[in-house]
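Q: only geometry, no sequence info:
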């Protein structure tokens, strides 16, 4: 299986995660509407709604991460690249991608450790008593998907950059 | 190692990494982690690497951000931006420069259901710019009014930047929303005045439209019931205390979704755009907040903010002078960084200093957002200018920047007014409790 084909399959996985994140937001919206209706109509609000906001937030944002990384939507300032020319810009982009990969691995490592503690201790939300472990396991899965998506994207870009020679006269300034 | 030296290394490292194309959130995280590690040891630094992301990701307060982002995206899909623009146009279009006035008011109105400056600029750019150009407005006034009006999206509550500021400064976001109301009204008024002066000095830059009849106005009002209902629900619900910020955001999202669905606008392409913008922007903002949280731990550990405060107190300088110097610094930063980044990079230093000078953090939040939003239309970066250039590639960047000048002066004057009279921001939160 070629790298390009793996990249296409992974892009589909990433999109599915992003859709899951959006659905999670819509689910949160529905729960909130139910709370507003129950509070105003029956005088019985959903206790611990704030806890749901925290949990659904974790699920949504985690699910959005792979998409943002594969579509390179993290905010950058291409300062030196614009001054130093195309080739230098390409090398700086590679450096930035490697830094992002290190950051992702560190994030994955730290959140994996946290999740392990949460699961081991059987932590749950205060009012609703919902176990928080599964939500954090979801984040770890999202981070694994993000890291793979980032590696595939960057590998694709680096391969393309190395195959395409710089245009004549572009780096002379 | 000397804490001051470590601070200098941390700060320079962060700026260097950003200059080397590293994403801002990643650069903040790396600099914060290494700096904290050098100060306190790398074992405690690893704890921060765990606590900062988990606290940010699980924050119930920050979930408002993707909700508002999705609401803005759906409101755009539903065509609400065009409705509000048309409504204001039939009311103001007969005046000289009326379309530019309608653009500013439309931006303010759409900002109330969107909360993002670039999103407001791009949406209103697509709606208002072709209309103004078609009716003989000069490209500079047309593009300038959209780019400058777009910045109102950040100041008119509900604003995503305010949610982030409230999270970092540990203030109530509703206080910030309330405090921004009068400055936002002043912003709209000053932009109106800028347009009126421009068309008075150079009458050829704008044309006069035909006066709409009352049936036409009523028809436009009927057409825009959706956006009025959405604004009423979000803003009215928030300020009347009927809804919490979370509820207002969720209701706003539900209403926008319904409008887009009922108007038959929720096709595959629109949904894909919605997903792309919501997912991309949410992840981008969260990454910066995670980085800023790690960086804040480092800056707090250096005790540099206290050092700044002590130095500031020792200097025999009026607090206002320091505030003005900070504003100049933010104008420069705002021209290079985006609003969220310039705010989050500097807040750990600046907020303790401003509070020690006796100023209210809510007031500072409003001023900070106002001054950094000016950066959205200031060269060399000026994100809104590039957005408008993207919408209308035929209009040169130079022309857009020229068109922005009257609004730039109006914005500077407005910031100065709110700085000199803090009550303009603080009175309403006190009255509404």
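A: Happy to help now that I have it. Since the structure is predicted, the reported quantities are computational estimates derived from the model, not experimental observations. Numbering: from 1, shown residues only, chains lettered A, B, ... in the order given.
Q: could you give the mean pLDDT of stretch A:118-128?
A: Stretch A:118-128 shows a mean pLDDT of 92.
Q: and that stretch, is it in reach of chain B?
A: No. Stretch A:118-128 does not reach chain B (CB under 8 Å from any CB of the partner chain); its nearest approach is 9.0 Å. From N, CA and C alone the C-beta is placed, and that goes for glycine too.
Q: ends of that stretch, how far apart?
A: One end of stretch A:118-128 sits 16 Å from the other (CA to CA, to the nearest Å).
Q: centre of the chain versus that stretch, how much separation?
A: Stretch A:118-128 has its average C-alpha position 24 Å from the chain's average C-alpha position, going by CA atoms, centre = their mean, to the nearest Å.
Q: got it, and stretch B:289-301?
A: 22 Å.
Q: Same question for stretch B:177-189.
A: For stretch B:177-189, the distance to the chain centre is 13 Å (CA atoms, centre = their mean).
Q: Buried residues, it. List them.
A: Neighbour-count burial for stretch B:177-189 flags B:177-184, B:186-188 (criterion: 16 or more other CB atoms under 10 Å in any protein chain shown).
Q: likewise stretch A:80-99?
A: Of the residues in stretch A:80-99, A:80-81, A:89-94, A:96-97, A:99 count as buried by neighbour count, 16+ other CB under 10 Å.
Q: So which of these are in helices?
A: A:80-81, A:89-94, A:96-97, A:99 (DSSP state H).
Q: Distance to chain B and pLDDT added to those residues, as CSV?
A: Shown next, in CSV, are those (distance: CB to the nearest CB, whole Å; pLDDT from 0 to 100):
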residue, distance to chain B, pLDDT
A:80, 5, 77
A:81, 6, 74
A:89, 8, 86
A:90, 10, 88
A:91, 9, 89
A:92, 4, 90
A:93, 6, 89
A:94, 9, 91
A:96, 4, 92
A:97, 9, 92
A:99, 5, 93
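Q: and the next element down the chain from the helix or strand encompassing residue A:112?
A: With elements taken from DSSP states H and E, the one containing residue A:112 is helix A:86-121. Next helix or strand after helix A:86-121 toward the C-terminus (DSSP H and E): helix A:133-163.
Q: got the angle for that following helix vs helix A:86-121?
A: Following axes from the mean of the first three to the mean of the last three CA atoms, to 10 degrees, one obtains 160 degrees for the angle between helix A:133-163 and helix A:86-121.
Q: contacts for stretch B:136-146?
A: With CB atoms under 8 Å, 6 or more residues apart in numbering or on different chains as the test, stretch B:136-146 has contacts from B:97, B:99-100, B:103-104, B:107, B:121, B:124-125, B:128-129, B:132-133, B:191, B:195, B:198-199, B:204-207, B:388, B:391-392, B:394-395, B:399-400, B:402-407.
Q: again, 7 Å this time
A: Defining contact as CB atoms under 7 Å, 6 or more residues apart in numbering or on different chains, one finds that stretch B:136-146 is touched by B:99-100, B:103-104, B:121, B:124-125, B:128-129, B:132-133, B:195, B:198, B:205-207, B:388, B:392, B:395, B:399-400, B:402-404, B:407.
Q: Now that stretch: buried residues?
A: B:137-146.
Q: and what of stretch B:318-332?
A: Applying 16+ other CB under 10 Å to stretch B:318-332 flags B:322-323, B:326-327, B:330-331 as buried.
Q: Secondary structure and pLDDT for those - can I get that in TSV?
A: Formatted as TSV, the buried residues of stretch B:318-332 follow (DSSP: H, G, I helix; E, B strand; the rest coil; pLDDT from 0 to 100):
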residue	secondary structure	pLDDT
B:322	helix	90
B:323	helix	92
B:326	helix	90
B:327	helix	91
B:330	helix	87
B:331	helix	86
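Q: Make TSV out of those and add distance to residue B:264.
A: Listed next are the buried residues of stretch B:318-332 as TSV, based on distance: CB to CB, whole Å:
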residue	distance to residue B:264
B:322	55
B:323	51
B:326	49
B:327	47
B:330	44
B:331	45
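Q: Would you reformat these as JSON lines and include distance to chain A?
A: Shown next, in JSON lines, are the buried residues of stretch B:318-332 (distance: CB to the nearest CB, whole Å):
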{"residue": "B:322", "distance to chain A": "27"}
{"residue": "B:323", "distance to chain A": "27"}
{"residue": "B:326", "distance to chain A": "21"}
{"residue": "B:327", "distance to chain A": "22"}
{"residue": "B:330", "distance to chain A": "16"}
{"residue": "B:331", "distance to chain A": "17"}
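Q: just those now: which is nearest residue B:429?
A: Residue B:429 lies nearest to residue B:323 out of the buried residues of stretch B:318-332, by CB to CB, at 19.6 Å.
Q: wait, that closest one sits on residue B:422?
A: No. If you go by CB atoms under 7 Å, residue B:323 and residue B:422 don't touch, sitting 10.0 Å apart.
Q: The helix or strand of chain A with the lowest mean pLDDT - contacts with which helices or strands?
A: When each helix and strand of chain A is scored by mean pLDDT, DSSP states H and E, helix A:79-84 comes last, with a mean of 76. For helix A:79-84, the helices and strands in contact under the criterion 3 or more CB pairs under 7 Å, 6 or more residues apart in numbering or on different chains; DSSP states H and E are helix A:86-121.
Q: Relative to residue B:200, how far out is residue B:230?
A: 35 Å (CB to CB, to the nearest Å).
Q: Repeat that for residue A:161.
A: Taken as CB to CB, the span from residue A:161 to residue B:200 is 54 Å.
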